[in-house]
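Sequence first, then the predicted structure, then my questions.
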Amino acid sequence: QVQLVESGGGLVQVGGSLRLSCAASGRTYSSYTMAWFRQAPGKEREFVAVINWSGSSTDYADSVKGRFTISRDNAKNTVYLQMNSLKPEDTALYYCAAKYGSMRNAVEWYGYWGQGTQVTVSS
C-alpha cells in the first residue's frame, strides 16, 4: 500500500518552469514504478512520464519530450517532474501514480493515485 501527495503546481507564464513533487508513504515505495499523468478540463487523463523503481529508465509522452524530466529520490520517497518551456496546452491537473512491475503508460495499469496538483500556463 502506498499513499501519494502531489505539490508544486501553480500559475506560470508561457516559457516558464515548475517542478512538481510527489511524496509517497509506505515501506515499499522504492519497489514501485512511478508515473505522472495529467487531465485537462473535458479531456481524458493522459500519460506524461514514467520512471522505473531504480530511476535508471524513463519514458515520456511525445508532447513533453525534451521539455519535462522525471526523476526520483528513493531516500526521500519522492518523485519529481521538472517542467520547462511550458506551453498553454500543458495546463491541466497533474497526478502522480504508482504500480508494481514494469513501466506502463496507460491509466488502467496504475492502482495508486494522488489527489492532483493544478498547473496553469498563461499566455
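Alright, I've got the coordinates.

and stretch 89-102, average pLDDT?
This predicted structure assigns stretch 89-102 an average pLDDT of 96.

and it, how far from the chain's centre?
4 Å (CA atoms, centre = their mean, to the nearest Å).

Pairing partners for Gly10 in the sheet, please.
Gly10 forms beta bridges with Val119, as assigned by DSSP bridges.

And for it, the neighbour number?
Here the neighbour count serves as a burial measure; for Gly10 (other CB atoms under 10 Å) it reads 12. C-beta: built from backbone N, CA, C; applies to glycine.

Can you pull up the most central residue in the chain?
Among the residues of the chain, the one closest to the centroid is Trp36, at 2.3 Å (CA atoms, centre = their mean).

Please work out the average pLDDT along the helix or strand hosting Leu20.
Of the helices and strands defined by DSSP states H and E, Leu20 is found in strand 18-25. Averaged across strand 18-25, the pLDDT comes to 96.

on that earlier part again, show me the beta-bridge partners of the residue nearest to the centre of the chain.
According to DSSP bridges, the partner residues bridging Trp36 are Ala49, Cys96.

I'd guessed it sits against Ile70; true?
Yes - taking contacts as CB atoms under 8 Å, Trp36 lies within contact range of Ile70: 6.4 Å.

Mutual contacts of those two, please.
In terms of CB atoms under 8 Å, 6 or more residues apart in numbering, Trp36 and Ile70 are both contacted by the residues 49-50, 79, 81.

Retrieve the pLDDT associated with Arg72.
Per-residue confidence at Arg72 stands at 97 (pLDDT).

Quick check: nearest residue in space to it, chain neighbours excluded?
The spatially closest residue to Arg72, leaving aside those adjacent along the chain, is Val79, at 4.4 Å (CB to CB, 6 or more residues apart in numbering).
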